[in-house]
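Asks: Any chance you can model this:
(one chain, ligands or ions: 2)
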Amino acid sequence: MSKLIDGEKLAAPLCNAIEERLAPLRQRQGITPGLAVVLVGGDSASERYVRKKQVRAEAIGMNSFVHRLADSVNNRALLTLIEQLNHDPQVHGILVQLPLPPQIDASRVIRAIHPDKDVDGFHPLNAGLMATHGNALIPCTPLGCLMLLEHHHGDLSGQRAVVLGRSNIVGKPMAHLLLRQHCTVTIAHSRTQDLAALCRQADILVAAVGRPRLVTGDWIKPGATVIDVGINRIESDGRTRLVGDVDFVTASEVAGAITPVPGGVGPMTIACLMLNTLRATCRQHDIPVADDIVTN
Ligand SMILES: Nc1nc2c(c(=O)[nH]1)N[C@@H](CN(C=O)c1ccc(C(=O)N[C@@H](CCC(=O)O)C(=O)O)cc1)CN2
Ligand SMILES: [Mg+2]
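Replies: Ligands and ions are numbered 1, 2, ... in the order given. The predicted structure follows:
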């Protein structure tokens with residue numbers, strides 16, 4: 001049986017370390033980091049994730065501002081709100097919860113967020129800086145995956161990594177982060193031929209395709225480290241269950257280490273958002289950025 005990579009266990013000390021940095025910021029500089037989350041519509045999963053962000057931010061002593069907009073909102077109203085938040089000195093981090101309804105131009109919305117406040121790291125400037133080893137705000141889910149990998153796997157240099165999925169939110173930034181750690185990286189996707197054979201070559205396999213239990217044990221190299229980013233709700237035995245992109249039962253018989261769903265990547269996504277909000281705050285106030293909390 002493989003080792004379980006527990007996301008809650010790593011997220012908790014990370015959040016504690018961030019919380020410890022907030023007291024001196026508040027006492028010596030009078031600064032409380034502020035996170036603004038924009039939620040469009042009433043999607044229940046998005047509601048839950050936004051709530052998690054709000055609860056965690058408040059628990060560690062940040063200010064949290066949630067802006068709810070109707071599902072029918074137009075581009076102009078959303079862009080106007082972002083412009084206000086860009087200029088609000090109480091707000092150090094801005095994110096727009098995805099997905100957005102079809103009438104909204106998501107890429108224009110992301111580009112409207114000031115790059116210094118872009119705590120999701122989705123703005124093209126941050127994406128470009130990350131790809132060129134610059135000082136970027138890094139997308140929370142891939143950053144969390146990297147921390148889990150480094151914690152459990154140690155030095156990643158020379159490891160063969162396969163990233164399943166090419167989204168701007170997870171797949172592409174994950175591949176860049178692994179490359180930065182000197183892995184040999186392949187990005188696989190729906191058109192990749194013989195996906196199973198490719199995955200079997202991976203020392204590190206990151207699955208982020210949104211296909212429930214796609215990756216089974218026979219796709220995994222014995223001893224590999226498997227990071228499951230998928231969060232899929234499926235009906236099973238008359239109830240709704242949360243499963244990943246990896247078939248945990250068969251995969252855990254082969255992998256050396258594996259993240260569960262829930263309790264793996266998800267908690268690290270939220271913790272890394274707190275870290276990005278702290279980093280964005282420090283940068284906006286020209287305070288040395290809390291880089292010693294984690295190094296990547
Ligand atoms: N603007 C953004 N939108 C979305 C992002 C993002 O990073 N920025 N990522 C996902 C959703 N997401 C954060 O927003 C997110 C997803 C899941 C979790 C999480 O804690 N998952 C738990 C299970 C929770 C459940 O019961 O559903 C876990 O895996 O343990 C946190 C954040 C898409 N949109
Ligand atoms: Mg507390």
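Asks: shouldn't residue 127 be in contact with residue 120?
Replies: No. With contact defined as Cβ atoms under 8 Å, residue 127 does not count as touching residue 120 (10.5 Å). Placement of C-beta: from N, CA and C, glycine included.
Asks: Can you get me a residue count around the residue lying closest to residue 259 once chain neighbours are set aside?
Replies: In space, residue 259 comes closest to residue 5 once its chain neighbours are excluded; the distance is 4.5 Å by Cβ to Cβ, 6 or more residues apart in numbering. Using other Cβ atoms under 10 Å, residue 5 has 26 neighbouring residues.
Asks: Check the burial of residue 17 by counting its neighbours.
Replies: Neighbour number of residue 17 under other Cβ under 10 Å is 18.
Asks: Pretty sure it sits against residue 293.
Replies: Yes. Applying Cβ under 8 Å, one finds residue 17 in contact with residue 293, separated by 5.0 Å.
Asks: tell me which residues in the strand or helix carrying residue 197 are buried?
Replies: Taking DSSP states H and E as the definition, residue 197 sits inside helix 195-199. Within helix 195-199, the residues that qualify as buried are 195, 198-199, counting by 16 or more other Cβ atoms under 10 Å.
Asks: What strands flank the helix or strand following it, and is each parallel or antiparallel?
Replies: Using DSSP H and E, the helix or strand that directly follows helix 195-199 along the chain is strand 204-207. Strand 204-207 sits in its sheet next to strand 160-164 (parallel), strand 225-228 (parallel), going by DSSP bridges.
Asks: Of those strands, which stretch is the most buried?
Replies: Among the strands paired with strand 204-207, ranked by average contacts under mean count of other Cβ atoms under 10 Å, first place goes to strand 225-228 (a mean of 28).
Asks: hmm, it touching ligand 1?
Replies: No. Under the criterion of Cβ under 6 Å from any ligand atom, ligand 1 is not reached by strand 225-228; the shortest gap measures 9.0 Å.
Asks: Give me the average confidence score over that strand.
Replies: Mean pLDDT, strand 225-228: 98.
Asks: follow-up on the earlier one: quickly note the distance from the residue nearest to residue 259 to residue 157.
Replies: Shown here: residue 5 relative to residue 157, a distance of 19 Å by Cβ to Cβ, to the nearest Å.
Asks: Give me the phi and psi for the residue nearest the centre of the chain.
Replies: With distances taken as Cα atoms, centre = their mean, the residue of the chain nearest its centroid is residue 141 (1.5 Å). Torsion angles at residue 141 (phi, psi; degrees, to the nearest 10) stand at phi -70, psi -50.
Asks: Pretty sure residue 269 is one of the things it touches, is it not?
Replies: Yes. Judged on Cβ under 8 Å, residue 141 makes contact with residue 269 at a distance of 4.7 Å.
Asks: Nearest to ligand 1 among the buried residues of helix 195-199?
Replies: Set against ligand 1, the nearest of those by Cβ to the nearest ligand atom is residue 199 (21.3 Å).
Asks: what sits against that closest one?
Replies: Residue 199 is in contact with 162, 164, 188, 205, 215, 219-221, counting by Cβ atoms under 8 Å, 6 or more residues apart in numbering.
Asks: do the same with residue 213
Replies: Per Cβ under 8 Å, 6+ apart, neighbours of residue 213: 232, 243-248.
Asks: if I've got this straight, it is in a helix?
Replies: No. Counting by DSSP: H, G, I helix; E, B strand; the rest coil, residue 213 is not found in a helix; it is coil.
Asks: What does the pLDDT read for it?
Replies: On the pLDDT scale, residue 213 is placed at 97.
Asks: gap between it and ligand 1?
Replies: 15 Å (Cβ to the nearest ligand atom, to the nearest Å).
Asks: about what we covered before: now the buried members of the contacts of residue 213.
Replies: The neighbour count (16+ other Cβ under 10 Å) marks 232, 243-248 as buried among the contacts of residue 213.
Asks: Let's verify the closest residue to ligand 1 within the chain: helix, strand, or coil?
Replies: Nearest residue of the chain to ligand 1: residue 266, at 2.2 Å (Cβ to the nearest ligand atom). Following three-state DSSP, residue 266 is assigned to helix.
Asks: returning to what we had before: from the buried ones among the contacts of residue 213, which land in helices?
Replies: Among the buried ones among the contacts of residue 213, the members found in helices (DSSP state H) are residue 248.
Asks: With pLDDT added, can I get the buried ones among the contacts of residue 213 in TSV?
Replies: Converted to TSV, the buried ones among the contacts of residue 213 look like this (pLDDT from 0 to 100):
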residue	pLDDT
232	97
243	97
244	98
245	98
246	98
247	98
248	98
